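J.: Would you be able to build a 3D model of this:
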Amino acid sequence: MKLIIYLLTILYLIASCSKGISSGRVCAMDENFDALKGCKTNIETFEGAPETAVYSFIANGVNRDAKVQVQWFYEEGGKYFLVDSFSYYTKLSEEIIMSGMDRNFLPNGNYVIKTKIKDGEDIYEDEQKFIIQSSGKSSAVNLLVGDVVDPNGLVLHPNVYFDVNHPQIFVSTYIQDAKPNMPISIHFTHKEIGKFSKVFETNTGAKPLPKFLLYAYLPNKNLPLGEYRVEIILPNATFSAPFFIDATLESE
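T.: Okay, the predicted model is just below:
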């Protein structure tokens, strides 16, 4: 079955006459995004505050249950590191295929989106590149909460539900474009005001690295049960993630 991909443009769709995946595009999800039509605005470089980066194209002429795999890679020094992978199975002969990533979880740098469609015995592949550049404002990216970290403090096992089998609650994030002597606060707070609050304060120092790992942990001991939120507070922005305490260790 011949597979045709249409390029989504600002005003209309341009049909591709070549076989296979002719072109897909990455765009920013903003007021111009139409869930029924996909990306109206094509952007290959992202700057500024966190937003959703969306990759979309129309698959036309595919069979039912053709497998579509979209993989997002971060490129550094000629090596590719998988960020996330999305799998779909087509249900119609023509439909929009979309995947998105929160800009807050994508560090500055070069990215490649690799698409593979297996339609019967036919396989079609495509690559699209885009760049995320710094806006000059300090930011926190890859904010993760979990119960396992590596020796540097990076969360390796993201988790949002904690019980007595999780004695520590870890949080890690990369700070980018930090300013000299910039204050940073890490807040652990219960959803119910006044029920629990713990604050950790730190400072970047006189010569901060362009990108560094920030991490902290909260002992899961004698904590009120329920919903919590961890916040990374920078001078011009706050980044947050939720988690839940289902059971807590008690003092002997």
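
J.: other SSEs contacting the strand or helix carrying residue 188?
T.: When elements are defined using DSSP states H and E, residue 188 is found to belong to strand 183-190. Applying 3 or more C-beta pairs under 8 Å, 6 or more residues apart in numbering; DSSP states H and E, one finds that strand 183-190 contacts strand 168-176, strand 197-203, strand 211-219, strand 226-234. Glycine gets a C-beta too; all of them are placed from N, C-alpha and C.

J.: how about a cut-off of 7 Å?
T.: Judged by 3 or more C-beta pairs under 7 Å, 6 or more residues apart in numbering; DSSP states H and E, strand 183-190 is in contact with strand 197-203, strand 211-219, strand 226-234.

J.: Of all those strands, which one is nearest residue 126?
T.: strand 211-219 (30.1 Å; C-beta to C-beta).

J.: what residues does the closest one touch?
T.: For strand 211-219, contacts defined as C-beta atoms under 7 Å, 6 or more residues apart in numbering pick out 149, 152-154, 167-176, 184, 186, 188, 198, 200.

J.: Just checking: what are the partner strands of that strand?
T.: The strands beside strand 211-219 in its sheet (DSSP bridges) come out as strand 168-176 (antiparallel).

J.: Residue ranges in the stretch 1-150 of the chain under the pLDDT threshold?
T.: 1-23, 30-33, 35-37, 48-50, 104 (pLDDT under 70).

J.: where exactly do the helices run in it?
T.: In the stretch 1-150 of the chain, no helices are defined using DSSP state H, counting those that start in this stretch.

J.: Would you mind telling me which of the helices and strands packed on strand 183-190 is nearest residue 244?
T.: strand 226-234 (5.4 Å).

J.: got the angle between the closest one and strand 197-203?
T.: 20 degrees (axes from the mean of the first three to the mean of the last three C-alpha atoms, to 10 degrees).

J.: from the middle of its chain, how far away would strand 226-234 be?
T.: Put simply, strand 226-234 sits 18 Å off its chain's centre (C-alpha atoms, centre = their mean, to the nearest Å).

J.: Show me the contact partners of that strand.
T.: Contacts of strand 226-234 (C-beta under 7 Å, 6+ apart): 138, 140, 143, 145, 171, 173, 184-192, 238-245.

J.: Can you list the strands that it pairs with?
T.: strand 183-190 (antiparallel), strand 237-245 (antiparallel).

J.: can you tell me which of the ones you listed the model trusts least?
T.: Lowest mean pLDDT within the strands paired with strand 226-234: strand 237-245, at a mean of 91.

J.: Name the residues of that one that are buried.
T.: 239, 241, 243, 245 (16 or more other C-beta atoms under 10 Å).

J.: So which of those residues is the closest to residue 162?
T.: Comparing every one of the buried residues of strand 237-245 with residue 162 (C-beta to C-beta), the shortest separation belongs to residue 245, at 5.4 Å.

J.: Quick check: the closest one vs residue 160, distance?
T.: 10 Å (C-beta to C-beta, to the nearest Å).

J.: pretty sure residue 97 is in contact with residue 68, am I right?
T.: Yes. Between residue 97 and residue 68 there is a contact under C-beta atoms under 7 Å: 5.4 Å.

J.: can you list residues touching both of these two?
T.: 59, 88.
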